[in-house]
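**Student:** Structural data only, the sequence is not supplied:
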């Protein structure tokens with residue numbers, strides 16, 4: 001029982017230390033790699049957190065309830081899908097979802113403004129070299 005109390009005390013100390021140190025808010029660098037006009041998967045993306053942790057294999061999915069962010073996952077032995085990495089708090093999940101969905105909307109608008117030049121146009125940035133004949 002003493003071990004449980006020690007763990008709880010350590011968690012409380014950690015929480016107090018994090019409040020005092022004032023962790024910097026997460027900065028999300030979201031890149032939309034591909035847009036898919038048909039099907040339930042609308043885009044694939046990657047996210048870089050504060051320039052120090054990257055997540056690949058994020059998908060923007062569409063369901064009857066609208067768009068949502070799907071984290072990279074694997075299929076467990078019982079048939080359930082389990083996220084490989086995920087936000088630990090509700091606030092972090094909301095921030096990540098907003099960042100990914102905002103980047104998706106911007107990429108979609110940029111693709112439409114380019115006159116739907118094909119799927120390769122969505123993957124190229126504005127500084128990418130253009131091919132001409």
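**Tutor:** Nice, thanks for sending it over. Since we're looking at a predicted model, the values are computed, not measured.
**Student:** Identify the residues contacting stretch 63-72?
**Tutor:** 40, 42, 55-62, 83-86, 96-97, 100-101, 104 (C-beta atoms under 8 Å, 6 or more residues apart in numbering). Any C-beta I mention is one placed from the backbone N, CA and C, and that applies to glycine too.
**Student:** please redo it, this time with the cut-off set to 6 Å
**Tutor:** For stretch 63-72, the surrounding residues in contact (C-beta atoms under 6 Å, 6 or more residues apart in numbering) are 57, 59-61, 83-84, 86, 97, 100-101.
**Student:** Now, those residues that are in helices?
**Tutor:** Residues of the contacts of stretch 63-72 located in helices (DSSP state H): 97, 100-101.
**Student:** Quick one, which of those residues are buried?
**Tutor:** For those, a burial check counting by 16 or more other C-beta atoms under 10 Å picks out 100-101.
**Student:** Which pair of the contacts of stretch 63-72 spans the longest distance?
**Tutor:** 84 and 101 (20.2 Å; C-beta to C-beta).
**Student:** can you list the weak-confidence ranges in the protein?
**Tutor:** Where the chain drops to pLDDT under 70, the residues are 1-24, 116-133.
**Student:** residue ranges for the strands of it, please.
**Tutor:** Ranges of strands in the chain, per DSSP state E, are 28-35, 41-49, 53-63, 66-70, 73-75, 81-83.
**Student:** circling back: would you format the ones in helices among the contacts of stretch 63-72 as TSV with distance to residue 36 included?
**Tutor:** Below are those laid out as TSV (distance: C-beta to C-beta, whole Å):
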residue	distance to residue 36
97	19
100	15
101	15
